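**Student:** Let me see the structure of the following:
(2 chains)
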Amino acid sequence: MTSDLPTEFDFVVLGTGLPESILAAAVSRIGYKVLHLDRNDHYSDQWASFNLRAIERFAEKKEGKNKEEKDYGDKIEESETLVRIPTADSLVENIRVKYYIPEYQECMMLVEDMNKLLAPKEDDKNTETGNNDDTGNGIAKPDETQQTAETDGSQVGISDSHESTKSVDTPIPITDDNTRNTATTDNATTHNATTTNNATTTDNVGTNDTSETSTSHTQNSTTDGSATEETTTKSDQPLRKKKKIWTKGELQDSWRAFNIDLAPKLLYSSGKMVELLISSDVAKYCEFRTVSRVLTQHNQYIEKIPCSRADVFSSKDVSMLDKRKLMKFLEWCAGYHKNPEEYEEYKNQTFLEVLKSRKLSEKLQNIISNAIAMVTQDTSTEEGLKKTQVFLQSVGRYGNTPFLFPLYGSGELPQAFCRLCAVFGGIYCLQMTADALIINKENKCEAIITSEGQRISCKWLIMGSSYSPKQYITTDNKRQLSRCILFTDKSLLHSESQELSLLWVPPSDHNIHPITVLELPQSAMVCPKDLYIVHLTTEGSGDPEADFSPFVSQYLSTDGQTQNDEPTEKPSILWSGYFSQQVYRVNEKTCDVPSNIFILDGPSSDIHMDDPVLQAKEIFKHICPDEDFLPKPPHPDDIIYVDETEATAGEGESWVGEKEEGKDDPKNGTSQKAEQAETESEEKKETPQKTLQETTHDSDLPSDQNIVTANKQ
Amino acid sequence: MHGRLKVRTTAEQQEAKRVEREKKLKIYTGATKKAFEKRNNREFDEEALKITGEILAVNPDFYSLWNFRKEIFNDFKEKRPKEELDKAFQDELYFLETCLKVNPKSYGTWHHRSFVMETMPTPDWKREIKLCNTFLQYDERNFHCWDYRRFVVGKASISAAEEFEFTTEKIANNFSDYSSWHYRSKLLPILHPDKTHPSGVNEEILLKEFETVQNAFFTDPNDQSAWFYHRWLLGRHQRNLEINTMFVSRKDRRVMVTTTKPVMIDCNNPVALKINDKEVKVEWRNQKSQRKYSTLWLADNVLVPDGSINIQVLMDTHRISQLLSLKSDESESLFTLPFKEGNRFSYELTSSTSETLQRELEAIVELYEIEPDNKWVILTLMSLMKSLDPLKYEQEILQQISHLQNLDPKRKTYYDDLRSKILVENTLEAFELNQQCLDLSDKKLTVLYHTSLLPFISELHLEGNQLVNLKNFEFLQCLKNLILDSNKICDINGLRGLNSLEKLSLKDNLIQDVNDLKVLQTCPNLNTLNIKGNTVCSEDKSLNELRQLLPGVSITS
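**Tutor:** Predicted coordinates for the structure are as follows:
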């Protein structure tokens, strides 16, 4: 297999996860030649965000195809040894996807009878999905559709629907034949989608894009739920604020509106990540929204905590005296770094003990330990104080809470750093990885052999922990994250406006590890209107359902949506996705890791992104002790272009190199692939052009034509 | 390293900037010249707008150009058709918005905007409110914007209730906002008037406000804005104008009147004096014999006939009068307004009921227990105690003052004065004004307050205090014997014109120069002076000089 990639790089980076991308950008920024590979067909590796279709495709994908090990004997010299890169771990494990709502709107009612509207109704039609375990075989279980007994005299459109289960394992399009009998009379408001052929996801989604719209589904997809909205408006009680009733079809039609994070993260407004985004000017590639409220669990209820001074002032939940005590304690924490000796006496206590000793009410202790500091029983005072401090320093910088959320999902951030890397000449190839590393007799990494079979030499090798050969990481550092993604029809805590909420659930009898809950509304650009995405993350046991079930059953309803729209009503789950993520944290390198190989951590259960920044910076400083870490790129006007001869001499360099790569574009499949993820992100969000055009090489971007070909490959 | 981007050196950048600036300056001065030419030639056209606009966009404080634009628009208004006019004014409003973005605190810009809004045919005042609110969101302390907003609110006829809601929102957003708190204090009497309540505001509403403001200072007791509002809520009682005291002396042929508020007596505001219903022509003067407002007015050389008489003072302009009788065997007579002991000075602090005060005191005590070292808490605590019962809380208040002096050493002398004031007040609470002699010795007073209440005393003991000067001693018009031993006095100009003063003891003070004593020449009845223990005594020459200055005075040195 031939490839047009240059054969020599300063850095080869495997995996486009967050710390890898930061480091790639940092070294590219100071002029090193960087080759950045990712075995996936998207950027951001374990940190990626997916649309609904893509995440469901995950559930269908069967891994475990053990690639045969190629013989690279001809690629290595005698003194060198070959170290295999393990074949791809899946980004997620044991993913299980489930719908809790009917395929289509089942019952339509006439407007006349108000009593009937108030009568209890259960139209829960759970669309059971198949299991995705190893023995998983898509058994289509016809789900029984329950019809609700209505009060007599009411005219209810009843349809005999037949829900067939969508097996996530079977890679064939499942056709759900739903014959809907719109019952009786002049029921003009009834949703009229008869005999809809729901072309659900297939294995080769790329080509399915077009066929989808040509199916009889058109009505739904073009109106994007407005048809049903109309129905609900008319059939619902006019006095009550209308509540959107979702169907599976509608959710699937809005697949592009979803950006579902594998590793949902926030940024502390004064944290390391924000500082880096500003100092490196990468911030211009992203947009953010402030988390609008921080919640806490108190006496089994979810409450909003006051974050800022203004919040404390206006809070009705906290008594006057508690307000002062809270502020006083926070002021005390904020002064920690100024005179640490004052805190000496608490050194041997845990943070929670200190809270108790300062005579704070139980309510305040809860706010401070579970919502502000987010600490557990055994967190030391010092750590607790530091965490409180970060929180306090971040409050008020961009909003009333200390957190920012990246619009379109956390997966945007690694991409932003990749972009900077590319602007300074880094070369990107997706769907390409290293099959093996070549280690010389000094136990240094000499080169890699790409999955295309090309030998590429490098001075340094950076890789995400999931790429690491097993002998380089100790297995006890392997951690399992349990993840749960839910679509709900309303917020965990009722509010008049769309809220972006963070909730931290401390360890309890139900959960050994704390659970981080992030609830994202449509305004975070991660889901359609009238929907919330709830991300639950914890360090898990390998059984995510079990890890989250106490929380889920306490605060959410799995019975499908009802017409009831009382604020006290629990939010209904419309869709759930459970999975585990294997994460290696590289605490210390084992002795036989070559000195020029650096292995970076995968996403942790931390809600913030400061650790990846610190890790990338630390390695950068180790490699280039005298260089600035991601300094601000110069203003384009201040750049003096090097003259022609110099430019050609340094092939592949920054601006010039980038241009040349562009020239190769039409004839080079690899670079097309490299751009693919960018176009993918273009697909999933409406406004990527804005950021793309800000880079200087928009001319290099492939046209839509290219996308299609790239996908077909 | 290879392939690194080359960035211009700072020297290069500086040079480039210098050239750039020179270019800009040239354009700027050129445009300015052109604008003034056009103004002189009264060329009110689009070009003039364009040129001035370009300059003002970079320098919105160039008020001459704003004035030129006003002239242009006034001219347009006369000559242009309505549609064109509308557009021109709309454009001007847009232009002003861009200027405000450059500098939201430019007097000229805001003023010009109010001109445009008033001049344009169809102003949209509601939109202006929104604009103001946006700017106040960026900076709640932009008083230019607050000013303009008040102007707009007046024009847009926004209800007080809406405005009150606005301040509530602003305060919820950031309670460190004097402007909003103050605005509330102006809106409350309009929204919830209650004539029967001394503050003029409905009691129930006041209670809610107390709660709001308590939330603020419990959240952050270091923020002054809330404390200021709290102070306003407690209210400052406005006393009606009344004759506080009236005094007549047969011997001195003098009539003296003090009022609760400063008044002016002159030919425009005459005050009649009637003796036995017969008007007597007198000349009124205040303690300083200056044409200034004062609470003390006196008339000398009044022909007071023998026998029992009735004397009446009539302040016609203020519709107040007072009658006083002097019996045949009396040489003097004094009238004083009655007062309740312990309340003589409380009007200064509050109009609130004692229930309100008590409740507030309890809240502040609660806060004080957590924040024993916060000066605002202590100050409020003190003022509440003082309003409730100055005598009962005297010791506590004095202790707190010492505490404050440690906490806030920069204002040590302020607190010294505060202590002096409290001590004097507490002495006066138990003092009948018709007494002749007042003893305020050995109280560490740094200043003597409330001299205006003491024009009748003839003997005043102030030995052993820390007085530095004798400010406001002019009020002590009947004072005969003044003992100021062992103070730190270096300035006695406050004694100017004390006609009655006979004996003055300045033993052990800090008077250095003979000239400092020159003011005693204005005290015609002075016969005894003790200046022992002052530096001025150290030189015989000075003493001789002094004897020459004050010939009829027996001087102890």
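
**Student:** Doesn't B:Ser333 belong to a helix?
**Tutor:** No. Counting by DSSP: H, G, I helix; E, B strand; the rest coil, B:Ser333 is not found in a helix; it is strand.

**Student:** is it true that it touches B:Lys251?
**Tutor:** No. Between B:Ser333 and B:Lys251 there is no contact under C-beta atoms under 8 Å: 11.7 Å. For glycine as for every other residue, the C-beta is placed from the backbone atoms N, C-alpha and C.

**Student:** What helix or strand is the residue nearest to A:Ser361 when sequence neighbours are not counted located in?
**Tutor:** The shortest distance from A:Ser361 to any residue other than its chain neighbours is 5.7 Å, reached at A:Asp322 (C-beta to C-beta, 6 or more residues apart in numbering or on different chains). Per DSSP states H and E, A:Asp322 falls inside helix A:320-334.

**Student:** Just read off the phi/psi values of the residue of the stretch 1-150 of chain A found nearest chain B.
**Tutor:** Relative to chain B, the nearest point of the stretch 1-150 of chain A is A:Gly31 (4.2 Å; C-beta to the nearest C-beta). Taking degrees, to the nearest 10, you get phi 100, psi 0 for the backbone angles of A:Gly31.

**Student:** can you check A:Ile427 too?
**Tutor:** phi -110, psi 130.

**Student:** So what's the residue count around it?
**Tutor:** Neighbourhood size, A:Ile427 [other C-beta atoms under 10 Å in any protein chain shown]: 22.

**Student:** Look up the closest residue to it, ignoring the ones flanking it.
**Tutor:** Closest to A:Ile427 by C-beta to C-beta, 6+ apart is A:Leu35, at 5.2 Å.

**Student:** Pretty sure that neighbour sits in a helix.
**Tutor:** No. Per three-state DSSP, A:Leu35 lies outside any helix segment and is strand.

**Student:** so it bridges to which residues?
**Tutor:** A:Leu35 has these beta-bridge partners by DSSP bridges: A:Val12, A:Ile427.

**Student:** I'd say it and A:Leu5 touch.
**Tutor:** Yes. Using C-beta under 8 Å, A:Leu35 and A:Leu5 qualify as a contacting pair, with a distance of 7.0 Å.

**Student:** which residues are common contacts for the two?
**Tutor:** Here A:Leu35 and A:Leu5 share the contacting residues A:427, A:429, A:456, scored by C-beta atoms under 8 Å, 6 or more residues apart in numbering or on different chains.

**Student:** Could you confirm the last one falls within a strand?
**Tutor:** Yes. Counting by three-state DSSP, A:Ile456 falls inside a strand.

**Student:** can you pull the contacts of it?
**Tutor:** A:Ile456 neighbours (C-beta under 8 Å, 6+ apart): A:5-9, A:12, A:35, A:447-450.

**Student:** how close does it get to A:Glu446?
**Tutor:** Counting by C-beta to C-beta, to the nearest Å, the gap from A:Ile456 to A:Glu446 is 10 Å.

**Student:** Show me where the stretch 451-600 of chain A has its strands.
**Tutor:** Taking DSSP state E, counting those that start in this stretch to define them, one finds strands in the stretch 451-600 of chain A at A:455-464, A:478-488, A:501-505, A:515-520, A:532-539, A:573-584, A:597-600.

**Student:** from the stretch 301-450 of chain B, which residue is nearest to chain A?
**Tutor:** For the stretch 301-450 of chain B, C-beta to the nearest C-beta, closest residue to chain A: B:Ile370, 5.3 Å.

**Student:** If you drop the residues flanking it in sequence, what lies closest to that residue?
**Tutor:** Nearest to B:Ile370 is A:Arg324, by C-beta to C-beta, 6+ apart, at 5.3 Å.

**Student:** And for the host helix or strand of B:Gln400, what's in contact with it?
**Tutor:** B:Gln400 belongs to helix B:394-407 when assigned by DSSP H and E. With contacts defined as C-beta under 8 Å, 6+ apart, helix B:394-407 is touched by B:373, B:375, B:378-379, B:381-382, B:385-386, B:390, B:411-412, B:415-416, B:418-419, B:422, B:426.

**Student:** which residues sit against the helix or strand following it?
**Tutor:** Per DSSP H and E, the first helix or strand lying C-terminal to helix B:394-407 is helix B:412-429. Applying C-beta under 8 Å, 6+ apart, the contact partners of helix B:412-429 are B:341-342, B:344-345, B:386, B:390-391, B:394, B:397-398, B:401, B:404-405, B:408, B:438, B:440, B:443-450, B:453, B:466.

**Student:** Many thanks, have a good one.
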